[in-house]
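Asker: using only what follows, build the 3D model:
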Amino acid sequence: MTKSTPSNDVEEFRRVLRASRYIVVLAGAGLSAASGIPTFRNGGGLWRSLPAMELATPEAFAANPSLVWQFYHYRRQKALTAQPNDAHKLLAKLSIPNYLRSIAPAAETYHLVTQNVDRLSMNALETLSEALRDNNISESDDLPRHESVFQMHGRLFDVK
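Answerer: Numbering: from 1, shown residues only. Next up, the predicted model:
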């Protein structure tokens, strides 16, 4: 198998997208960084001079539950004040079957797999759904499909 390097050719991307049947978008921290959500790894990945990657573990909770609760409280506060950015909104729009077909006519499925736990992708979907319903759009192929989003690492606001 030959290796190929990623392309920066926008027209090539559009051509490939138009012909794609099964579209899967993988989203990481960079998607929400534009909304003001700090990433674990960039900018030092620190919270109160502590490595965030080490705080987000069962071992850290066992050693110092209060500190871990504070860390997650901080993360929830950041997520509560953040708003979906244009990328979240576009990815939400792609979950509308008729819109997706206008961009990628061969598309049979679309899924967004997000590592983000901040709910911004779901908030973008909910806001889009409300706006369309407010405009009396009710055909299923004209509404976003919430089941197209998979939140791979859970949800920050689900506390057990």
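Asker: what about the spatially closest residue to Arg76 that is not a sequence neighbour, how many neighbours?
Answerer: The shortest distance from Arg76 to any residue other than its chain neighbours is 5.7 Å, reached at Leu156 (C-beta to C-beta, 6 or more residues apart in numbering). (C-beta placed from N, C-alpha, C; glycine too.) Close neighbours of Leu156, defined as other C-beta atoms under 10 Å, add up to 18.
Asker: ok, now how distant is Leu156 from Leu55?
Answerer: Per C-beta to C-beta, to the nearest Å, Leu156 is found 14 Å from Leu55.
Asker: ok, Ala62 next?
Answerer: Ala62 is 12 Å from Leu55, where distance means C-beta to C-beta.
Asker: neighbour count winner among the two?
Answerer: Ranked by neighbour count (other C-beta under 10 Å), Ala62 and Leu55 place Leu55 first, with 21 against 9.
Asker: with adjacent residues omitted, what lies nearest to the more buried one?
Answerer: Closest residue to Leu55 apart from its sequence neighbours, by C-beta to C-beta, 6+ apart: Phe71 at 4.7 Å.
Asker: ok, that neighbour - contacts?
Answerer: Taking C-beta atoms under 8 Å, 6 or more residues apart in numbering, we find Phe71 in contact with 47, 50, 52, 55-56.
Asker: thinking again about what came up before, wait, a strand at the residue nearest to Arg76?
Answerer: No. Secondary structure of Leu156 (DSSP: H, G, I helix; E, B strand; the rest coil): coil, not part of a strand.
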